[in-house]
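> sequence plus the predicted model coming up.
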Amino acid sequence: MIILKTKREIEIMRKAGRLVAQSHELVRKNIKPGVTTKELDQLIEEFLRSQNAIPTFKGYGGFPYAICASVNEEVVHGFPSDRKLLEGDIISVDIGATFEGYVGDGARTFYVGEVNDEKRRLVEATRQSFYEGIKFAKTSYRLSDISHAIQQYAESQGFSVVRDYVGHGVGRNMHESPQIPNFGKPGRGPRLQEGMVLAIEPMINAGTYNVKVLDNDWTVVTVDGRPSAHYENTVAITDGEPEFLTVL
């Protein structure tokens, strides 16, 4: 069942989303060669708790950290560690914040110093694929219209769309109905309604879309070792243009 949110609920989710956006800005300011992903994790956990928010991911299904930090070929659910970021890396950082019982969820892929052309094109195409999908995040469309637009754009740029992991509804729980694939035929799934709040999150690979999970049972990597990027916002469906809840 898809839970429609009231205006009051969306107002709270705006606050949770703003904390996610502020967290990403903190990450952006602190990313540089030599920084460890664990230092980024501690930075964000301390910030969220200082704002009377809870890091949503920590303890979720047993996940042990406040953020997901996925470097280069890691797609999603990367564990923060003592690994130092290197010049030329890309890192996808996924952050959830629970504020007054409601969740904001957003991801960005950052450059570490100067990156090569393939990685830059991949990150930019992943971000743009989100915005291509968002053109259909209106009440006149169906859910898979978003999915189709994301896939069409990513593949037009020579990249592939991860099939095994998808976006989702979000509210009091991080994962609610509906699931939102980043691929598929248009005109399918539920019609979008005012009050839906969706975490739309393209995960795009430079090579094949096939992925595997590492021995820690969490971290997802590309099978061919080529880089992956991730871009996500929590989006509220309105009676007009969609509202992004996880941007400043």
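Yep, that arrived. Residues are numbered from 1 along each chain as shown.
> so where's the protein shaky on pLDDT?
Residue ranges of the chain with pLDDT under 70: none are present.
> quick check: longest helix of it.
As assigned by DSSP state H, the longest helix anywhere in the chain is helix 7-30.
> the helix or strand that it is followed by to helix 7-30, inter-axis angle?
Past helix 7-30, further along toward the C-terminus, the next helix or strand under DSSP states H and E is helix 37-50. For helix 37-50 against helix 7-30, the angle by axes from the mean of the first three to the mean of the last three Cα atoms, to 10 degrees is 140 degrees.
> and the following helix or strand past helix 37-50, what does it pack against?
Using DSSP H and E, the next helix or strand after helix 37-50 towards the C-terminus is strand 54-55. Helices and strands touching strand 54-55, by 3 or more Cβ pairs under 8 Å, 6 or more residues apart in numbering; DSSP states H and E, are helix 37-50, strand 90-99. Quick note: C-beta positions are derived from backbone N, CA and C, even for glycine.
> now the ones you listed in JSON lines, with mean neighbour count and distance to Lys119?
What follows is the helices and strands packed on strand 54-55, written out as JSON lines (neighbours: other Cβ atoms under 10 Å; distance: least, Cβ to Cβ, whole Å):
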{"stretch": "helix 37-50", "mean neighbour count": "19", "distance to Lys119": "17"}
{"stretch": "strand 90-99", "mean neighbour count": "26", "distance to Lys119": "5"}
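> so which of the ones you listed is nearest Ala21?
Distance to Ala21, taken as Cβ to Cβ, is lowest for strand 90-99 among the helices and strands packed on strand 54-55, at 9.1 Å.
> which element follows the closest one toward the C-terminus?
Sequence-wise, the next helix or strand downstream of strand 90-99 (DSSP H and E) is strand 102-111.
> next secondary structure after that next one?
Moving toward the C-terminus from strand 102-111, the next helix or strand (DSSP H and E) is helix 117-134.
> show me what counts as buried in that following helix.
119, 121-123, 125-130, 132-134 (16 or more other Cβ atoms under 10 Å).
> could you give the angle of that helix to strand 102-111?
Using the same axes, to 10 degrees, helix 117-134 lies at 150 degrees relative to strand 102-111.
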